[in-house]
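Undergrad: have a look at this prediction, sequence included:
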Amino acid sequence: MKLNNIIYEKEGEVARIIFNRPEKLNAFDFPRQGGIQDDFIKALDMVEDDDELKVVIIKGAGRSFCSGHDLNTVGHIYGMGTKSGDKRAPQKTRLRVDRDWLEGVHARLLNLYKVTIAQVHGHCIGEGLAIALCCDIFAAAETSMIGATEQRLGFAGSGIGYIPILMQSVGIKRAREMMLTGRQLNGREAEVAGLCARCFPDDKIEEEVEKMAKAITLLPMDGLAIGKATTQLVYDMLGLGMGHTIGYISHTLFTNLVYAPG
C-alpha cells in the first residue's frame, strides 16, 4: 500500500508508523483530503490486519512529533477558502467530516487491538497531543513542547475528543489552565504532571522506547487483545469514549464561527 506522508516499518512483532512531513513539522490535515491523515488511517489498517504484530510505535520524522493541523488548509474540508465556501457547508457535511476524524481516527486508535506507544519529541501540539493521549503509552523526550495550544483558536476548552483523557491525566484544573493559556510543558514537566508515562533524554528516547516495545512483545498475543478489549470497558466506564462523540459535535459547532471584533 502506497503511503506518501508516512513511513511504515515492520520488524518482527513490532511496527513503526513514522509521520513524514518534516518540512511542516508533521502537521496533519483531515480525512478525505488525500494527505497525511488518510495515510495514517491506511497505516492503522495495516497494523490491524497483521496478526503477527503486538506493538506499534508512533513517532515523527525530523524535528517534531506533530505540530497540530496545517492551518493553510484546515478549513478547506468545510469549504472555507474555496469556491464552495461561498455558501456555508451544511451541518450534516461538517458533522460527517468531524465524525470521520474523531471517531474514525482517534477513537479507533484508543481502542486498537495492539499496544500503541507514542514516541514524542519536539512539538506535540493539538492533533499531536490527541494522538499521543490515545496511545497506550506516551513517552516524551526531555525537550518536547507539549500543549493544547489549538484551544487558543477559540475552542477554549472543547472542540476535540481528547479533552476527557487530558483531564483524567493531569486533573481538571491543570487541563483548563493549559487550554486557556496555551502553556506548553516540556517532557520532564509532562511526566511530573502525569501527562506522559515516561520522559527520557533526547538522545536516549529511541533506545528506551524500543526496549519498552520488546518487553511488551513477551506478553501473549491473546492476552494483549483481551487486555485492550477490557481496557476499552474501563475507558467507557470513565466516560473517555464519549469524549470523541462530544468532540466531533462541539468541533462542528465551532466551525460555524464568524470572524468579528472581539
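TA: Done, it's in. Every value quoted in this text rests on a predicted model; they were computed, and no experiment measured them.
Undergrad: and the helices in this structure?
TA: When assigned using DSSP state H, the helices of the chain occupy the ranges 36-49, 91-101, 107-110, 127-133, 163-170, 172-181, 187-193, 205-217, 221-238, 242-254.
Undergrad: most neighbours per residue, which of these?
TA: Of all the helices of the chain, helix 127-133 carries the top mean neighbour count, a mean of 28, counting by mean count of other Cβ atoms under 10 Å. For every residue, glycine as well, the C-beta is placed using N, CA and C.
Undergrad: looking at the helices of the chain, spot the one closest to residue 72.
TA: helix 36-49 (13.3 Å; Cβ to Cβ).
Undergrad: can I get the closest one in CSV, CA atoms only?
TA: Only the C-alpha atoms of helix 36-49 are listed here, as CSV (Å, rounded to 0.1, in the frame of the first residue of the first chain):
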residue,chain,number,x,y,z
ILE,A,36,-1.2,12.5,6.0
GLN,A,37,-4.5,11.8,7.9
ASP,A,38,-5.6,9.4,5.2
ASP,A,39,-2.2,7.8,5.2
PHE,A,40,-2.4,7.4,8.9
ILE,A,41,-5.8,5.6,8.5
LYS,A,42,-4.2,3.2,5.9
ALA,A,43,-1.3,2.5,8.3
LEU,A,44,-3.7,1.7,11.1
ASP,A,45,-5.5,-0.7,8.6
MET,A,46,-2.1,-2.4,8.0
VAL,A,47,-1.5,-2.8,11.8
GLU,A,48,-4.9,-4.2,12.5
ASP,A,49,-4.8,-6.7,9.6
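Undergrad: pLDDT below threshold where in the chain?
TA: 1, 79-88, 259 (pLDDT under 70).
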